[in-house]
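>>> build the 3D model from these lines:
(2 chains)
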Protein chains: 2
Amino acid sequence: MSYEVNASIITIGDELLIGQTIDTNSAFIATALNTIGVWIKRRVAIGDVRSEILEALAAESKQSKITIITGGLGPTADDITKPALCDYFGATLKVNNDVLENVKAIFARINRPLLPVNEKQAEVPNNCTALQNKRGTAPGMWFEKDGVVYVSLPGVPHEMEGLIESEVVPRLKQRFSLPHIIHKTILTAGRGESEIAAIIADFETALPAHIKLAYLPAYGMVKLRLTGRGSDREALEHDMQRRVALLKELVKDFLASDSDQTLPEVVNGLLKEQKKFVATAESCTGGYIAHLLTARPGSSATFKGGVVSYANDAKELALGVQHSTLEMHGAVSEQTVTEMATGVLEKLNADYAIATSGIMGPDGGTAEKPVGTVWIAVANKNGVKATKHFVRFNRKKNIEVTAQFALNVLRLFLKEQQA
Amino acid sequence: MSYEVNASIITIGDELLIGQTIDTNSAFIATALNTIGVWIKRRVAIGDVRSEILEALAAESKQSKITIITGGLGPTADDITKPALCDYFGATLKVNNDVLENVKAIFARINRPLLPVNEKQAEVPNNCTALQNKRGTAPGMWFEKDGVVYVSLPGVPHEMEGLIESEVVPRLKQRFSLPHIIHKTILTAGRGESEIAAIIADFETALPAHIKLAYLPAYGMVKLRLTGRGSDREALEHDMQRRVALLKELVKDFLASDSDQTLPEVVNGLLKEQKKFVATAESCTGGYIAHLLTARPGSSATFKGGVVSYANDAKELALGVQHSTLEMHGAVSEQTVTEMATGVLEKLNADYAIATSGIMGPDGGTAEKPVGTVWIAVANKNGVKATKHFVRFNRKKNIEVTAQFALNVLRLFLKEQQA
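The predicted structure is shown next:
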């Protein structure tokens, strides 16, 4: 749309090009800018090569009013980014005293010797505005040239994030007249992307140009996100609310959350409502469910604890699973997972329990129980229920998918108990 | 270097531009191509816009001999990528029967109705080579134009990865004469990037142009990676071995691994050597250490299990921590973490135990024990040792860093016991 302010993100660093580092910075920057109404038009990753940096700066300035550059500023960077910026903006490097003070303070605080390479980090091009980095030694730099804003930031995520929040976002809001962007997201579980698309086809066709629908599938769940842009915030909010209500009605049979929540958040929310505690007994998921339940603040109000009963004797010792059960039915069985769930419920004095036992691969499968076989049990004082599932990815994904399956089983059980 | 074959990666999809999805595909593709001697020159992410796809294809063909395109092929994609490819390559869409059979087989297997949108996935531009996707319904597509190879792949990671491994890599090796690339990586723990840089400055300066050194810092650890390129594999391997031996000698006091291993891999390796089992007792890390130890295959030979004793009563019930200890010293204390470690060692009949208790934030800190305070204990039958640490990130990173700290504490303890 014509009122949009576009941005490009340029990430600099060989580590992004050889696959050693996954680029999480771009997603963070995109989210932050998107929230204030800046549309990311392009993201470009290039190596530590001066000519390519110059070429990318020139190319992106033709596409976007804002260019955010990250990386290439660390103490061991090959002194390529800053000289390239000097070239591009016709500047020379000069020590910035505020930045130097910050560098000295940080080294004093962490009690490490200040080396000449660290002092050099206080040098910035003389025509930029230095943005103070409270979390590290490399400052951010703000340039303007021919009506385009360029911001250079360090590549360390924690430092970049601090600078985006405290410096870049407030300055961009001041510098540009930005449209309103509203996102509304709901979470569905148990239906595929194309099935949902068929169900909501008419709804989708009826969307106006300024509202977009996105399908975000992940592991048996699909998030549906409506994004609207407009200059009248109130009218847009009203219209979006009406549409998201329509959408919820269409998918109500498999709606897991009516806001932008993850499954752990939905589960924690239900537990909090009921003022109940859950405990986990994990074999194949190896602690991943407990990790998901404790990753967000506030989990101590709903999560009692868990047992990772990886070895067979750990299932006996920590959960009281009968030796004979393991002998007769094996670790991956309805009987074992049932005893795991009831065992942890009792041992940890919890209100609900969720248990997993399965074969995540690549080894360990048999003809009868192939890799991917998973038993999940959920229990409370009224009873226990075990279900068999199947996952078909590599080990890492199988663990993640099984954890999400288990959380969905727990979610449905919690809803049932509530009803 | 002149003998290099460059590649560009183009990822298509609005979800990458609004920050909803983190681009893990590019890192996977980069690693796979790098291994066979293809250098990734640029990565570009653009939205689902026909004109931008065409513009990016034209621009990248001037930079690289190979362009890999991912995304924009799902059943609910807005029919933009394939028509854009038809435009660019002067083709028309035509049903490919092999692909149609694959789509039908997949829907039969998962027992879901085949919808018209799914059948449409079997349509491909008539001048491409369709690459069969065994993991999903969207095929890969291989094009050649003016000496440049273009490969279009679905954006679902699991499907893209299968196609890269089974189709793209073998075909690229056949199509291009590629140089040898050798990576050698070592892991250090306990020193900062700039300190290491000062220690190995002479070594780094002496590196020839065809060997590059990269610093890959992560959470108190720094990976050092040497990358060499050459046409004579044997000579290159010999030279690289010599240099990595020199490097190891320089950093020997803080060397954690002499190969490209993660800390969990190093720990599992030490345990396997000693034929010993470890157990975990986690409070603040919430199961994340157990997850790290079980994420890779083979962990059942070294990991007994663990307890996530999140609530105070879970520490008492599952680990036998004394009520009076918790009353007197609190959960985050030397005394509690010590009892957690000895408790799990005994309960799970393990050879080693590692325990964590801390305040990950954002809430829960006090003047005496601020957010970031962490106690870590390690134990075996000979004794127990607790140390205090401090982390200073957000909750998510604090959990990750604490887990890595704990694994490093365990690693040093394992080395000590070995010596």
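>>> which parts of the stretch 301-419 of chain A are helices?
For the stretch 301-419 of chain A, applying DSSP state H, counting those that start in this stretch gives helices covering A:312-319, A:323-329, A:334-347, A:395-418.
>>> the last one - contacts with which helices or strands?
Meaning helix A:395-418. Judged by 3 or more Cβ pairs under 8 Å, 6 or more residues apart in numbering or on different chains; DSSP states H and E, the packing partners of helix A:395-418 are helix A:263-274, helix A:288-294, strand A:352-358, strand A:373-380, strand A:383-390. Any C-beta I mention is one placed from the backbone N, CA and C, and that applies to glycine too.
>>> okay, the helices of the stretch 301-419 of chain A, which one's buried deepest?
For the helices of the stretch 301-419 of chain A, the largest average neighbour count (mean count of other Cβ atoms under 10 Å in any protein chain shown) is found in helix A:334-347, namely a mean of 24.
>>> that one vs chain B: in contact?
Yes: for helix A:334-347, a contact with chain B is found by Cβ under 8 Å from any Cβ of the partner chain, at A:Lys347.
>>> next, the angle strand A:383-390 makes with that helix.
Orientation of helix A:334-347 against strand A:383-390 (axes from the mean of the first three to the mean of the last three Cα atoms, to 10 degrees) gives an angle of 130 degrees.
>>> tell me the average confidence for helix A:334-347?
Taken as a whole, helix A:334-347 carries a mean pLDDT of 98.
>>> alpha carbons of it, as CSV, please.
What follows is the C-alpha trace of helix A:334-347 in CSV, where atoms were taken according to Å, rounded to 0.1, in the frame of the first residue of the first chain:
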residue,chain,number,x,y,z
GLU,A,334,-0.1,-48.6,27.2
GLN,A,335,0.6,-50.2,30.5
THR,A,336,3.9,-48.6,31.2
VAL,A,337,2.8,-45.1,30.2
THR,A,338,-0.3,-45.5,32.3
GLU,A,339,1.8,-46.4,35.4
MET,A,340,4.2,-43.5,34.6
ALA,A,341,1.3,-41.0,34.7
THR,A,342,-0.3,-42.3,37.8
GLY,A,343,3.1,-42.7,39.4
VAL,A,344,4.1,-39.1,38.9
LEU,A,345,0.7,-37.8,39.9
GLU,A,346,1.1,-39.5,43.3
LYS,A,347,4.8,-39.0,43.8
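>>> for that helix, packing partners?
Partner elements for helix A:334-347 (3+ Cβ pairs under 8 Å, 6+ apart): strand A:278-282, strand A:303-308, helix A:312-319, helix A:323-329, strand A:352-358, strand A:373-380, strand A:383-390.
>>> mind putting these in a markdown table, mean pLDDT and distance to chain B included?
Formatted as a markdown table, the entries for the helices and strands packed on helix A:334-347 read as follows, by pLDDT from 0 to 100; distance: least, Cβ to the nearest Cβ, whole Å:
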| stretch | mean pLDDT | distance to chain B |
| --- | --- | --- |
| strand A:278-282 | 98 | 7 |
| strand A:303-308 | 98 | 3 |
| helix A:312-319 | 96 | 3 |
| helix A:323-329 | 97 | 14 |
| strand A:352-358 | 98 | 12 |
| strand A:373-380 | 98 | 15 |
| strand A:383-390 | 96 | 10 |
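>>> nearest to B:Asn382, out of the ones you listed?
Closest of the helices and strands packed on helix A:334-347 to B:Asn382 is helix A:312-319, at 21.4 Å (criterion: Cβ to Cβ).
>>> so what touches that closest one?
Helix A:312-319 is contacted by residues A:281, A:283, A:307-309, A:321-323, A:326, A:331, A:336, A:339-340, A:343-344, A:347, B:279, B:304-305, B:307, B:318, B:347-349 when judged by Cβ atoms under 8 Å, 6 or more residues apart in numbering or on different chains.
>>> pLDDT below threshold where in the stretch 1-150 of chain A?
Where the stretch 1-150 of chain A drops to pLDDT under 70, the residues are A:1-3, A:74-78.
>>> and the helices in it?
Using DSSP H, counting those that start in this stretch, the helices of the stretch 1-150 of chain A run over residues A:14-17, A:25-35, A:50-61, A:81-89, A:97-110, A:116-120.
>>> next, the buried residues of the longest one.
For helix A:97-110, a neighbour-count test (16 or more other Cβ atoms under 10 Å in any protein chain shown) marks A:Val99, A:Leu100, A:Asn102, A:Val103, A:Ile106, A:Phe107 as buried.
>>> what's that helix packed up against?
Helices and strands touching helix A:97-110, as assessed by 3+ Cβ pairs under 8 Å, 6+ apart, comprise helix A:116-120.
>>> elements contacting the helix it packs on?
Packing partners of helix A:116-120 (3+ Cβ pairs under 8 Å, 6+ apart): helix A:97-110, helix B:193-199.
>>> closest to B:Thr387 out of the ones you listed?
Distances from B:Thr387 to each of those were compared using Cβ to Cβ; the shortest belongs to helix A:97-110, at 17.8 Å.
>>> what residues does the stretch 51-200 of chain A put near chain B?
If contacts are counted using Cβ under 8 Å from any Cβ, the residues of the stretch 51-200 of chain A sitting beside chain B are A:52, A:59, A:74-76, A:112-113, A:115, A:117-118, A:156, A:158, A:192-195, A:197-198.
>>> any chance of CSV for the helices and strands packed on helix A:334-347, columns distance to B:Ile359?
Supplementary listing: the helices and strands packed on helix A:334-347 in CSV, determined by distance: least, Cβ to Cβ, whole Å:
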stretch, distance to B:Ile359
strand A:278-282, 22
strand A:303-308, 16
helix A:312-319, 26
helix A:323-329, 38
strand A:352-358, 26
strand A:373-380, 30
strand A:383-390, 35
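>>> of all the ones you listed, which one is nearest A:Lys94?
For the helices and strands packed on helix A:334-347, the distance to A:Lys94 is smallest for strand A:303-308, at 52.6 Å, taking Cβ to Cβ.
>>> surely A:Ala91 and A:Cys128 touch.
Yes: under the criterion of Cβ atoms under 8 Å, A:Ala91 makes contact with A:Cys128 at 7.0 Å.
>>> overlap of the contact sets of these two?
Listed contacts common to A:Ala91 and A:Cys128 are A:Leu85; contacts here mean Cβ under 8 Å, 6+ apart.
>>> between these two, who's got more neighbours?
For the pair A:Ala91 and A:Cys128, the greater number of neighbours falls to A:Cys128 (23 against 18), based on other Cβ atoms under 10 Å in any protein chain shown.
>>> which residues touch the residue nearest to A:Glu346 when sequence neighbours are not counted?
Of all residues beyond its chain neighbours, the one nearest A:Glu346 is A:Gly320 (7.6 Å), with distances taken as Cβ to Cβ, 6 or more residues apart in numbering or on different chains. The contact partners of A:Gly320, taken as Cβ under 8 Å, 6+ apart, are A:Glu339, A:Gly343, A:Glu346, A:Lys347.
>>> try A:Gly361
With contacts taken as Cβ under 8 Å, 6+ apart, A:Gly361 has the following neighbours: A:Val371, A:Gly372, A:Asn394, A:Arg395, A:Asn398, B:Pro297.
>>> thank you, goodbye.
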